[in-house]
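Enquirer: Sequence isn't available, so here's the structure alone:
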């Protein structure tokens, strides 16, 4: 009996350690996106969350995070956000950060309507500023029909709107537009 226990107990211990190590991956497969909040941040009287954090993956399995100062549920799908901030790391390693004064997030559709000094930062030093934009998290697209200013290592671009598609790889700007390149050696 002791000889059998010497062989079985280490195998059971190894199985339990493996389960503990792999548990986050098992749970992540069944829960790709979730809204995380602390019980103390929920104010039941007015249905408001403070400091909400929404984590998920787009259709290309690129992780994103959406946070805000506060969130108020306006229906089964709609969440109004105060000072939303979104971060995503694209498959090529590019990091994007977007922030605005206000936003409306349609959870299952993956649409985030942003308003009030919408600013998009890219890790290459480019900054895009506009008054309103719509972010489709699932499709990896950002669209605006409002006047837009882009500043970056290339120079400055002023346009009447933009469409960024293919997860940030393609950008089109609506005219009339004005592009001023930074001077430099060729």
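Expert: Received it, and whenever you're ready, just let me know what you need. From a predicted model like this one, the values you see are computed outputs, not experimental measurements.

Enquirer: Show me the domain layout of this protein.
Expert: Here the domain parsing of the chain from automatic domain parsing is 1-31, 33-181.

Enquirer: Pipe those domains into a markdown table and attach mean neighbour count and mean pLDDT per row.
Expert: Backbone N, C-alpha and C define where each C-beta goes, glycine included. Converted to a markdown table, the domains of the chain look like this (neighbours: other C-beta atoms under 10 Å; pLDDT from 0 to 100):
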| stretch | mean neighbour count | mean pLDDT |
| --- | --- | --- |
| domain 1-31 | 9 | 77 |
| domain 33-181 | 16 | 83 |
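
Enquirer: Which strand or helix spans residue 20?
Expert: helix 2-30 (DSSP states H and E).

Enquirer: so how far is that helix off the chain centroid?
Expert: Distance of helix 2-30 from the chain centroid (C-alpha atoms, centre = their mean, to the nearest Å) equals 35 Å.

Enquirer: do the same with stretch 130-144
Expert: With C-alpha atoms, centre = their mean, you get 11 Å for stretch 130-144.

Enquirer: Just the terminal-to-terminal distance for it.
Expert: Taking C-alpha to C-alpha, to the nearest Å, the first and last residues of stretch 130-144 lie 8 Å apart.

Enquirer: what do you get for stretch 95-104?
Expert: By C-alpha to C-alpha, one end of stretch 95-104 lies 22 Å from the other end.

Enquirer: And the contacts of that stretch?
Expert: 68, 74, 78-90, 112-123, 133, 135, 142, 168 (C-beta atoms under 8 Å, 6 or more residues apart in numbering).

Enquirer: One more pass at 7 Å, please.
Expert: 78, 80-90, 112-123, 135, 168 (C-beta atoms under 7 Å, 6 or more residues apart in numbering).

Enquirer: ditto for stretch 61-72
Expert: 47-50, 52-58, 79-91, 105, 137, 167.

Enquirer: Among the contacts of stretch 95-104, name the ones in helices.
Expert: Among the contacts of stretch 95-104, no member is found in helices (DSSP state H).

Enquirer: From residue 124, how far out is the closest residue to residue 136 other than its chain neighbours?
Expert: Spatial nearest neighbour of residue 136, excluding adjacent residues (C-beta to C-beta, 6 or more residues apart in numbering): residue 111 at 5.8 Å. In this view, residue 111 and residue 124 are 26 Å apart by C-beta to C-beta, to the nearest Å.
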